[in-house]
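Mind looking at a prediction? Sequence and model below.
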Amino acid sequence: MKAKLLNSILMAIVFLLGTSCTQAKTKVVKSDTIKKNRVATVVPPKPDSVWHQSTQQAEVKVKTDSMGIVCNTVTLPKSYLAQTDTAHYPVVYLLHGFGDDHSEWAKKADLKAAADKYAVIIVCPDGKTSWYFDSPFNSKMRYETYISIDLVQFIDKHYRTRATRAGRAITGLSMGGHGALWNAFRHPDVFGSCGSMSGGVDITRFPNRWNIQQSLGRYAKNKQVWADHSVINLVPTLKPGMLNIIIDDGRQDFFYDVNMALHQALTKAGIAHDFSIRPGQHSWKYWVVSLPQHLDFFKKAFDGKPIVCKTHIENDTNPQGPAKKALKKRKSRCLKK
């Protein structure tokens, strides 16, 4: 009896920040993915269980069938922790870049202050080097399923969220920018708003970089697979008003050209989006400035306010390639859902 009770408790506890995510013996909440219909079943805690995030920022571990334990950093607004608070909050899923993990955003940016200012729950999942899609060759790399199904359902089950697409946004930097748009473009029923900061939005341009081959195989032998997993090639699947979209990049960033190409593709398709190019490189100095702009954009969407999409390209006196025809300011009203 005691063993059975202990096992139940082990399946319902979330470890708080400070517990190493690399430890094998962990107390986790299990999330089972049903592969056929792509619906996740999350085992909720008992009403009188220990489930309660008592600190503003915590490390939360979710156990999945396909990938084992996946770590996440969850940041709550202070108001959420008040004993008298019963409000439900929108959620921003914030994805890290290649070489980082779920804890990096909290180290580089003040997520606690951001959660307070914008009254949102910020969830940073660990995507390892996955590029946040499901690998067609490796059944243990199911990060699209995890982000858009398992994790969303887990968070909605265990936190007071606005559990609708209008109450969810997803964004990220670099690899995470690609992942955020990838998941939102493919799951507009889950996310109402999305963004990308310095995103690698066309992976076919970089066939030998950032471990993409581990998920998609060698580019030379799998060109169509790579094309099918590039965000820029999902543009034809979008419809006007489907999503609130914000994209930005630094003028000196090595992803500048692919972001300009995505901007042009969205514009040609009639997909309203907020787009900006500012001076900056592929660095945290740039991203910590970008994050508040994305949160401002999402806040308006969460509050149901009209969003004006702007195109603003700074300090581009000698544009090349895709940027050549896009050097102008343009405003259009983002279509609301």
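Received, thanks. Since this is a predicted model, take the numbers as computed values, not measurements. Numbers count the residues shown, from 1 in each chain.

Now do the strands in the stretch 201-337 of the chain.
Here the stretch 201-337 of the chain has its strands, by DSSP state E, counting those that start in this stretch, at 244-250, 274-278, 308-313, 330-333.

Quick check: which of those strands is nearest to Tyr80?
Between Tyr80 and those, the shortest gap by C-beta to C-beta is with strand 244-250, which sits at 23.7 Å. Just so you know, the C-beta spots here come from the backbone N, C-alpha and C atoms, and that holds for glycine as well.

what about the helix ranked longest in the chain, average pLDDT?
Across the chain, the helix with the greatest residue count (assigned by DSSP state H) is helix 284-302. What helix 284-302 shows for mean pLDDT is 97.

can you offset everything so residue one is 649?
With 649 as the first residue, the last one maps to helix 932-950.

show me what contacts Lys948?
If you count contacts by C-beta atoms under 8 Å, 6 or more residues apart in numbering, Lys948 has them with Pro954, Ile955.

nearest to Gly825, of the strands of the stretch 849-985 of the chain?
Among the strands of the stretch 849-985 of the chain, strand 892-898 comes nearest to Gly825, with 7.9 Å by C-beta to C-beta.

Need the winner for burial among the strands of the stretch 849-985 of the chain.
strand 892-898 (a mean of 26; mean count of other C-beta atoms under 10 Å).

quick check: mean pLDDT across it?
On average, strand 892-898 scores 97.

Tell me the helices and strands packed up against that strand.
helix 823-834, strand 841-845, helix 904-916, strand 922-926, helix 932-950 (3 or more C-beta pairs under 8 Å, 6 or more residues apart in numbering; DSSP states H and E).

how long is stretch 718-729 end to end?
Counting by C-alpha to C-alpha, to the nearest Å, you get 24 Å between the two ends of stretch 718-729.

If you could redo that for stretch 913-928, that was the one I meant.
23 Å.

Stretch 801-815 too?
First-to-last residue span, stretch 801-815, C-alpha to C-alpha: 13 Å.

ok, now stretch 769-784?
The first and final residues of stretch 769-784 sit 32 Å from each other (C-alpha to C-alpha).

Equivalent analysis for stretch 808-824, please.
Per C-alpha to C-alpha, the first residue of stretch 808-824 is 25 Å away from its last.

cool, and stretch 761-770?
11 Å.

gap between that stretch and the chain center?
16 Å (C-alpha atoms, centre = their mean, to the nearest Å).

what do you get for stretch 928-940?
16 Å.

Just the helices from the stretch 649-798 of the chain, written as ranges.
Remark: helices assigned in the stretch 649-798 of the chain by DSSP state H, counting those that start in this stretch are 650-658, 726-729, 752-756, 759-766, 791-793.

For those, which has the smallest mean pLDDT value?
Across the helices of the stretch 649-798 of the chain, the lowest-scoring stretch is helix 650-658, with a mean of 44.

burial of Val718, as a residue count?
Neighbour count for Val718, taken as other C-beta atoms under 10 Å: 26.
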